[in-house]
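Trainee: Take this sequence and fold it.
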Amino acid sequence: MPARRKRAGPSMRAGKAAARKLTSLSHDMEVPLNEATDAAHALRLMVYGLEGIGEKKVGRAVAEIAWIACQRLDALEDAWRSVCEITVRAK
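Mentor: Now for the predicted structure:
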């Protein structure tokens, strides 16, 4: 006679609920993260326009801020991708 299978306990159900919430949160983050990244890159492009009209000093300051924003958003995107990979594996 085959052994009886155990039903999922409370910790198993809680783990699945947490994985569903994490998946939902990671999907909710995708659009705002992409929009913020696009905005930072657009700011960097504006710098080229400022420099093109002779505003090198202003352009350089804006470029520095845009570059920092791009780096931080890239780091955030890497972390977000890791979360997405974890949620895919949890399913």
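Trainee: Tell me where the model's unsure across this structure.
Mentor: Along the chain, the model assigns pLDDT under 70 to residues 1-12, 90-91.
Trainee: just the helices in it please.
Mentor: Under the criterion DSSP state H, the chain contains helices at 10-52, 56-90.
Trainee: Dump those helices to CSV, plus mean neighbour count.
Mentor: (Glycine included, C-beta is placed from N, CA and C.) Output for the helices of the chain, formatted as CSV (neighbours: other CB atoms under 10 Å):
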stretch, mean neighbour count
helix 10-52, 13
helix 56-90, 13
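Trainee: any idea how far residue 68 is from the closest residue to residue 50 other than its chain neighbours?
Mentor: Distance criterion CB to CB, 6 or more residues apart in numbering; nearest residue to residue 50, sequence neighbours excluded, is residue 59 at 3.7 Å. Distance of residue 59 to residue 68, computed by CB to CB, to the nearest Å: 15 Å.
Trainee: what sits against the residue lying closest to residue 67 once chain neighbours are set aside?
Mentor: Excluding its sequence neighbours, the residue lying closest to residue 67 (CB to CB, 6+ apart) is residue 44, at 7.0 Å. Contacts for residue 44 (CB atoms under 8 Å, 6 or more residues apart in numbering) come out as 63, 66, 67, 70.
Trainee: which residues does the second one contact?
Mentor: Just to be clear, that refers to residue 66. 40, 41, 43, 44, 47 are the contacts of residue 66 under CB under 8 Å, 6+ apart.
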